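Q: Take this sequence and fold it.
(chains A and B)
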Amino acid sequence: MGFLLTPREYIQNTLREAMEAYLKNNKIASSQAPRNDNIESKGNREQFGDFSSTVAFQLAPIVKKSPLEIAKEIVALIPLARNDSSSYIQKVEIAGNGFINFFLDEKIYRDSFREFSLKSLPIVMAGKESKVIIEFSSPNVAKPFHIGHLRNTVLGEFLSRLHEYTNHNVIRWNHLGDWGTQFGKLIVAYKKWGDEKKIDKNPITELLYLYVKFTNEAKKERESLAPLEKSRPEAAGAVPEAGRSLTGLEQQARDEFNKLEKGDAVNIELLKWFQKETIKEFSLLYKRLDSRFDVIKGESSYIAGKEKLFGLLSKKGFLEKSEGAKIVSLESEGMLPVLLEKSDGATLYHTRDLLSLQYRLEKYHPDRILYVVGDEQTLYLKQLFVVAKKIGLNAADLQHVSYGLVFGPGKKKLSTREGNVITANEIIKDVLFKASAVMHEKHPDAATRPPTKVTEDIALGAIKYNLLKESRQSDVVFDFDAMLSFQGNSGPYLQYTYARISKILSRAGIFASAKRDMLYGDRTDIAVMKKILEFSDVLDTCMQILSSHPLAEYLFSLANELNAFYEKNPILKDEDAKRRKQRLYMLRISADVLQQGLELLGIQAPKQI
RNA sequence: GCUCCCGUAGUUUAAUGGAUAAAACAUCUCCCUUCUAAGGAGAGAAUAGGGGUUCGAUUCCCUUCGGGAGCACCA
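A: Have a look, this model is predicted:
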């Protein structure tokens, strides 16, 4: 019968038709209809049916009748299976003071499941094809890749995969931080204390050491000057600027950065070198994380386009001077102005982001750009978007995909300065150690132990799942124990389930792939089918809210359902041959969905663990 | 000082304004001669306080308290 609707869509359509008829009967304009006519899945609360609707409550103030009356009138318009053989609806009940509860014939799950095809799912789900740039990861040159970057990368990778899966044209963009006063500091530090060989050997560690040393020395310098400065600021050799005075080192850093902006060959060479070494080191990590990028481009590469942008801005009359700096005023938008050039002529973060935006629009013509950037930059990006729109860089829809901070145990802030930053490499190392220990424990005999690649898959699965299972907006507490736990709601639990199913399927041989009529179906069978059929709904939700946690939660509950299923029903030993084959087919599909879901999350699903 | 985000079992997290707030970890009971016990079955345990809007509030509004972030020459 070529039934491609999910049960949810089926009920949704039925309800819409009934609603349309109802509105027509009562002469209500469709514009007045309740906006929210969604239905709700009633999962395990069976007394409320399979799906439930609350439209009657929402219609009440419009129609000026009681929800109960309205519900009755709507229900009368819904075709039931017993009167209409094409209907899957067994009964519709009105509960409470106006809930409309739909009870479906089990047959819908079997029919729908029989037609379910993972292959055709992306085609069914695909919306209007569009080109989308997803900016994510974006670490800084010469700085460690910490837990926050990890969360960002894993989320961005998921969003990229999800968009690709639903047939969008994705450009994965890594916007490297390789410009700004901090590089002036780094250059000063390198010129004073640097060692080329050490940097070649261990670039990020060594460059970070230099940066920290600079910070400490500058702080010492400032403290020693502080008492003097208070009484006679000009005598301390400090240059008062923008209400703050600079120490010798800080002034040097600023000078070096200015040289950089003006194209000083030595400094540019140094920066390129730092960048090259850093990218080399990050590439190893990305490979390990199974993340890739179409464009890796540093902020430094945009500086050349500055005159063009500024020319455009002043021609349109947006560029103003204020206290020696060049700004775009956002007074009419009720926001603080955006600084594009410091009083010493140097560019700022906003400048480079606008330049980058201009470049992206001109070169790639995207329909949409997603900025996967931490929550703390909400205001910053809001300003960026407002300016972009104001000055005509509005060809693409810009969206900030923000995510909360990652805290340390006890909700303490993790910071480089306080020395309690957690790097991605440390996390991977620790979790890998644990995974290896578990692997040895489960497989004491080295001959039957899966390859070390599997251990790595499990460790990374644990880390990624841990980050992706949480809603992206909220701040999360980084909990090492939780990440090291391979039980319950964890990546390894999903991988374990997949491996167990794979084992059953491989033992069953070719029968597992044969499609069978869904004749059987006790409660556990139906429960699994129901879950499988929710897959596309879940992906839709993820797409709408640009978050991974609905998928993670879904896969966990699917795995739960499956574990309970084969615990209760030994499959290979089933004497009813038809039932055995049908169930094997069901497991085949389940395994495919698990695998596909994990793949979207960027998690490997080994067949044996 | 102003703006934004957050406050849910002991802990870490779920819940498009819907009915009896859902899980995991931890705690406690059971289940390995049976397709991998990284598993399954079960128990106890929560919406920071106070107002308001609504038929109905964890969700929206106000307020107090507590935590975090941001507020033009950093990124």
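
Q: Any idea how many residues pack against the closest residue to RNA strand B within the stretch 401-550 of chain A?
A: Per CB to the nearest atom of the strand, A:Gly488 is where the stretch 401-550 of chain A lies closest to RNA strand B, at 1.8 Å. Quick note: C-beta positions are derived from backbone N, CA and C, even for glycine. Counted with other CB atoms under 10 Å, residues neighbouring A:Gly488 total 10.

Q: Also A:Phe57?
A: The burial count assigned to A:Phe57 is 17, neighbours taken as other CB under 10 Å.

Q: Determine the number of other residues adjacent to the nearest residue to it once chain neighbours are set aside.
A: Using CB to CB, 6 or more residues apart in numbering and skipping residues adjacent in sequence, the residue nearest A:Phe57 is A:Pro67, 4.9 Å away. By other CB under 10 Å, the residues close to A:Pro67 number 22.

Q: Give me the pLDDT value at A:Pro67.
A: Per-residue pLDDT puts A:Pro67 at 93.

Q: Show the contacting residues for it.
A: Contact analysis of A:Pro67 by CB atoms under 8 Å, 6 or more residues apart in numbering lists A:56-57, A:59-60, A:97-98.

Q: now it: how far from A:Ser31?
A: In this view, A:Pro67 and A:Ser31 are 21 Å apart by CB to CB, to the nearest Å.

Q: same check, this time on A:Lys72
A: A:Lys72 sits at a distance of 25 Å from A:Ser31 (criterion: CB to CB).

Q: Which of those two has more residues huddled nearby?
A: More neighbours surround A:Lys72 than the other of A:Lys72 and A:Ser31, with 15 against 5 (other CB under 10 Å).

Q: That one: helix or strand, and which one exactly?
A: Per DSSP states H and E, A:Lys72 falls inside helix A:67-75.

Q: Just checking, which helix or strand succeeds that helix along the chain?
A: That would be, after helix A:67-75 and using DSSP H and E, strand A:89-95.

Q: Now name the helix or strand holding the most centrally placed residue in chain A.
A: Computing the C-alpha centroid of chain A and ranking residues by CA atoms, centre = their mean puts A:Leu155 first, at 2.9 Å. Element membership for A:Leu155 (DSSP H and E) is helix A:147-165.

Q: How far off centre is that helix?
A: Centre-to-centre, helix A:147-165 and its host chain are 5 Å apart (CA atoms, centre = their mean, to the nearest Å).

Q: hmm, it in reach of RNA strand B?
A: No - on the criterion CB under 7 Å from any atom of the strand, helix A:147-165 is out of touch with RNA strand B, staying 11.4 Å away.

Q: Report the rounded mean pLDDT for that helix.
A: For helix A:147-165, the mean pLDDT works out to 96.

Q: Using CSV, write down the CA coordinates of that helix.
A: C-alpha atoms of helix A:147-165 as CSV (Å, rounded to 0.1, in the frame of the first residue of the first chain):
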residue,chain,number,x,y,z
ILE,A,147,36.6,21.1,26.9
GLY,A,148,34.6,24.0,25.6
HIS,A,149,36.1,23.6,22.1
LEU,A,150,35.3,19.9,22.4
ARG,A,151,31.7,20.6,23.1
ASN,A,152,31.6,23.0,20.2
THR,A,153,33.3,20.7,17.7
VAL,A,154,31.1,17.7,18.6
LEU,A,155,28.0,19.8,18.3
GLY,A,156,29.0,21.4,15.0
GLU,A,157,29.9,18.1,13.6
PHE,A,158,26.5,16.7,14.5
LEU,A,159,24.7,19.7,13.0
SER,A,160,26.8,19.3,9.8
ARG,A,161,26.0,15.6,9.6
LEU,A,162,22.3,16.2,10.2
HIS,A,163,22.1,18.9,7.5
GLU,A,164,24.0,16.7,5.1
TYR,A,165,21.7,13.8,5.9
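
Q: Name the next helix or strand downstream of that helix, please.
A: Past helix A:147-165, the next helix or strand by DSSP H and E is strand A:169-176.

Q: That next one pairs with which strands, and in what direction?
A: Strands that pair with strand A:169-176, judged by DSSP bridges, come out as strand A:131-135 (parallel), strand A:295-298 (parallel).

Q: Could you tell me the angle between it and helix A:147-165?
A: Strand A:169-176 runs at 160 degrees relative to helix A:147-165, counting by axes from the mean of the first three to the mean of the last three CA atoms, to 10 degrees.

Q: what packs against the next helix or strand along the chain from strand A:169-176?
A: Using DSSP H and E, the helix or strand that follows strand A:169-176 in sequence is helix A:181-193. When contacts are defined as 3 or more CB pairs under 8 Å, 6 or more residues apart in numbering; DSSP states H and E, helix A:181-193 packs onto helix A:203-231, helix A:248-261, helix A:265-289.

Q: and helix A:181-193, C-alpha only, in PDB?
A: Provided in PDB are the C-alpha atoms of helix A:181-193 (Å, rounded to 0.1, in the frame of the first residue of the first chain):
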ATOM      1  CA  THR A 181      46.600  42.000  20.600                       C
ATOM      2  CA  GLN A 182      47.300  38.600  22.100                       C
ATOM      3  CA  PHE A 183      49.500  37.800  19.100                       C
ATOM      4  CA  GLY A 184      51.500  40.900  19.800                       C
ATOM      5  CA  LYS A 185      52.000  39.500  23.300                       C
ATOM      6  CA  LEU A 186      53.100  36.200  21.900                       C
ATOM      7  CA  ILE A 187      55.500  37.800  19.500                       C
ATOM      8  CA  VAL A 188      57.100  39.800  22.300                       C
ATOM      9  CA  ALA A 189      57.400  36.700  24.400                       C
ATOM     10  CA  TYR A 190      58.900  34.700  21.600                       C
ATOM     11  CA  LYS A 191      61.400  37.300  20.800                       C
ATOM     12  CA  LYS A 192      62.400  37.600  24.400                       C
ATOM     13  CA  TRP A 193      62.300  34.000  25.600                       C
END
